[in-house]
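Trainee: Here is a sequence together with a model predicted from it:
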Amino acid sequence: MKTRTFTIVLAVVAIGFAGAIVAVKSNGSSESPRPGTEHSDNGREHVDTKEYGGDQPPTSGPHASPLAWGMYDTEVRDDQVLHNLEHGGIYVSYQPSLPKDQTEKLTKLLFEPFSNSEFQPKKIILAPRVANKSPIELSSWRRSEELQTYNQVKIEEYIKKNLGKSPEPLAQ
């Protein structure tokens, strides 16, 4: 009887030890820090329309209906693209004065036929934005990154690590 009790106690201790290791590893920071600057949470209320007017695209806050994913030749409304960010997307906006070769590189990187077959992002909005204070702005839910020039490595890293990091990542 003592041998059986000892075996049971040993099994319980071993299972508890294994469980503790799994819990520590899952709570540990195995994921590298996400690129971009973290911003305050300004809520996610759905409204009919909301004016922002800032030099930075908003990354959270009251917003209107979403846009179709894709590339736009004209400005899009901040309150609409914000809804896309809530759905886990990335907004790549650029000053209209960005050199044409850089806008072409953005288009080829972010949309079919992709310039990098290993990088084929979904849930992307690309559009010019007059109010941007930097030539290229990468925006996701509560994060943004400013780029002074096209940088494929930084853009890919930002998108890979921020895509789907939002309150409703599975929404379309």
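Mentor: Looks like it arrived, so ask away.
Trainee: Give me the number of neighbouring residues for the nearest residue to residue 143 once chain neighbours are set aside.
Mentor: Distances taken as C-beta to C-beta, 6 or more residues apart in numbering put residue 36 closest to residue 143, at 4.0 Å, once the chain neighbours are dropped. C-beta: built from backbone N, CA, C; applies to glycine. By other C-beta atoms under 10 Å, 20 other residues sit near residue 36.
Trainee: where's residue 36 relative to residue 127, distance?
Mentor: Using C-beta to C-beta, to the nearest Å, we find residue 36 at a distance of 18 Å from residue 127.
Trainee: Likewise for residue 56?
Mentor: Relative to residue 127, residue 56 is positioned 15 Å away (C-beta to C-beta).
Trainee: cool, and residue 52?
Mentor: For residue 52, the distance to residue 127 (C-beta to C-beta) stands at 14 Å.
Trainee: Looking at the two now, which is surrounded by more residues?
Mentor: For the pair residue 52 and residue 127, the greater number of neighbours falls to residue 127 (20 against 16), based on other C-beta under 10 Å.
Trainee: Ramachandran angles for the more buried one?
Mentor: phi -160, psi 150 (degrees, to the nearest 10).
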